[in-house]
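[1] let's see this in three dimensions:
(2 chains)
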Amino acid sequence: MPDKPRLTREQIAQRAARELTDGAYVNLGWGIPNLIADYLPKGITVYFHSENGILGMGRRAKPGEEDYDLVDAMKVPVTIIPGASFFNQADAHLMTRGGHLDVAVLGGFQVSEKGDLANWKIPGSKGIGNIGGAMDISAGAKNLIVCMEHTTKDGAAKIVKQCSYPLTGIACVNTIITDLAVIDVTKAGLVLREVAPGWSPEEVQAKTEAQLQVRGRVPEINLG
Amino acid sequence: MKQKVFSSLDAAVADIPDGSRIMFGGFGGAGFPNNLIQALSRKGIKDITAISNNCGTREGELGIMFKNGQVRHVIAAFPGPHANYFQERYAKGEVTCEVVPQGILCERMRAAAAGLLGFYTTVGVGTEVANGKEERVINGKRCILEKPIHADFALIKAEKADALGNLTYRLAARNFNPIMAMAANTTIVEVDEIVPVGSIEPENVITPAIFVHRIVQAKGLRYAG
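    The predicted model follows:
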């Protein structure tokens, strides 16, 4: 029997955007996190940080507007908003590692029940892997959100007891937002905060290797 | 006064010996010293250790050096999905690579520049980056010892230089360049424009001239990838 519908990647980003507050300094990683800027709640200003030395990054550049000296961490030409600043890469990571950003959002291959994150190398893949800024960001983030699909394409759990993929950081994740759930990492373990529309906590647990704690009624993810 | 301005790219890199440790600025297609890299490759240098965020974009940026088999070892944060010439040689064992977290790469270079012999960080604890490194607990936090990364030469890109070597950068093309400028024995910069001494307001200087040894004017050569 086919599964019930899950959130799309855009809807995961949309849900994650609701975790951001007015005036926050925020770093967005590759993958789903990179979609979040398109779904900011109306009326708030967020200062996006890019590891190559930009604070106050704006929307992507329109055709004809591109300046290849002004790119984001994915090499995409971007714009800046009023009040933006430029600085060198060491200062950019001083901000990530030193706990100066309010929120960082990264993609993930696996998250463990202790909040360990694996997101830089797939075991058995050819090549050496790309760490980039992910280890600095995960080590220093005051609030680290991981956005990812709940399971792999083959249906294997990505929220696991212990990561089998090479680690990016240990005990660093605060919240996991997937196509099935919003989960908080607490000292007492993983707490199921919200489930995807139409999914029960038991059905989400069945797709999760790590134990999820359910405290009372778990609301559905509201994208409204 | 020592003359820092060189008349050609080839002259600016002519004495870099085989086997040198060389830093290369640039990130995301911006701020790469592409003209100096071309000159270095053209001179037929061999066996270098390259220190750079990535390992090239196809033939662009550092890619040409891997294509021509001129790199023996590389220290990088993000070798990159488009670094096909690096990947081919890495797979054959013709080049070795140390992957370093990006901010730690910056700080290891800054440590070298600042005369520090290392620092402790929580970054990489419990990961393969920590393999072989001293680990201890400071203020209740597990951390590892990271050591400086120094270079014989740094090849960087800036927007403007005066004849003394004071530098400014354009937009986000600054990235690794000011850090590498400080961490090498000899820093060689390619710039879009050389301006008269005194025409860069002192408060606008990003890299002070003390860190810059050779200046060469070069037209921007870009590799979008």
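[2] partners of the lengthiest strand in chain A, with directions?
    The strand spanning the most residues in chain A, taking DSSP state E as the definition, is strand A:78-86. The strands beside strand A:78-86 in its sheet (DSSP bridges) come out as strand A:54-60 (antiparallel).
[3] does the closest residue to chain B within chain A count as helix, strand or coil?
    Taking Cβ to the nearest Cβ, chain B has its nearest neighbour within chain A at A:His93, 2.6 Å off. All C-beta spots, glycine's among them, are computed from the backbone N, C-alpha and C. Secondary structure of A:His93, reduced to three states by DSSP: H, G, I helix; E, B strand; the rest coil: helix.
[4] what about it, distance to A:Ile44?
    A:His93 sits at a distance of 26 Å from A:Ile44 (criterion: Cβ to Cβ, to the nearest Å).
[5] who's more crowded, the two?
    A direct count of neighbours by other Cβ atoms under 10 Å in any protein chain shown for A:His93 and A:Ile44 places A:His93 higher, at 26 against 12.
[6] who's in contact with residue 108?
    Reading this off chain A. By Cβ atoms under 8 Å, 6 or more residues apart in numbering or on different chains, the contact set of A:Gly108 is A:117-119, A:146-148, A:158, A:173, A:176.
[7] ah, no, chain B please
    When contacts are taken as Cβ under 8 Å, 6+ apart, B:Arg108 is in contact with B:100, B:146-149.
[8] coming back round to it: if we ignore the residues flanking it in sequence, what's nearest the residue of chain A closest to chain B?
    Nearest residue to A:His93 in three dimensions, chain neighbours excluded: B:Gly103, at 2.6 Å (Cβ to Cβ, 6 or more residues apart in numbering or on different chains).
[9] would you state the strands of chain A in chain order?
    Using DSSP E, the strands of chain A run over residues A:25-28, A:47-50, A:54-60, A:78-86, A:103-107, A:110-112, A:117-118, A:144-147, A:159-160, A:175-177, A:181-186, A:189-195, A:212-213.
[10] tell me where chain B is predicted with low confidence.
    For chain B, the stretches flagged by pLDDT under 70 are B:1, B:220-225.
[11] report the buried residues of the top helix by length along it.
    Determined from DSSP state H, the single longest helix within chain B is helix B:102-114. Residues of helix B:102-114 classed as buried under the neighbour-count rule (16 or more other Cβ atoms under 10 Å in any protein chain shown) are B:102-113.
[12] about what we covered before: surely the residue nearest to A:His93 and A:Gly132 touch.
    No: the criterion here is Cβ atoms under 8 Å, and B:Gly103 misses it with A:Gly132 at 9.9 Å.
[13] what sits in contact with each of these two?
    Looking at what touches both B:Gly103 and A:Gly132 (by Cβ under 8 Å, 6+ apart), the common residues are A:Glu51.
[14] can I get the buried part of the contacts of B:Arg108 as one ChimeraX selection?
    Command for ChimeraX that selects the buried part of the contacts of B:Arg108, burial taken from 16+ other Cβ under 10 Å:
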select /B:100,146,148,149
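[15] tell me where chain B has strands.
    When assigned using DSSP E, the strands of chain B occupy the ranges B:5-6, B:21-24, B:48-52, B:71-76, B:96-99, B:119-121, B:135-138, B:141-146, B:151-162, B:167-168, B:184-195, B:214-217.
[16] what are the contacting residues of the first one?
    Applying Cβ under 8 Å, 6+ apart, the set of residues contacting strand B:5-6 from outside is B:12, B:163, B:194, B:214-217.
[17] count of neighbours near the residue nearest to B:Leu145 when sequence neighbours are not counted?
    Taking Cβ to Cβ, 6+ apart as the measure, B:Leu145 lies nearest to B:Glu134, with 4.2 Å between them; neighbours along the chain are not counted. As a burial measure, the neighbour count of B:Glu134 was computed by other Cβ under 10 Å and equals 12.
[18] just to check, B:Glu134 is in contact with B:Ile144?
    Yes: shown here, B:Glu134 and B:Ile144 form a contact pair, counting by Cβ under 8 Å, at 6.7 Å.
[19] rewinding a little: which of the contacts of A:Gly108 lies closest to B:Val205?
    Closest to B:Val205 out of the contacts of A:Gly108 is A:Asn119 (38.4 Å), distances taken as Cβ to Cβ.
[20] now do the buried residues in stretch A:68-76.
    In stretch A:68-76, the ones that count as buried by 16+ other Cβ under 10 Å are A:68-73, A:75.
[21] is it anywhere near chain B?
    Yes: judged by Cβ under 8 Å from any Cβ of the partner chain, stretch A:68-76 comes into contact with chain B at A:68-75.
[22] in the sheet, who's paired with the nearest residue to B:Ile16 once chain neighbours are set aside?
    Counting by Cβ to Cβ, 6+ apart, B:Phe153 is the residue found nearest to B:Ile16 once chain neighbours are left out, at 5.7 Å. Here B:Phe153 sits in beta bridges with B:Ile22, B:Thr186, as judged by DSSP bridges.
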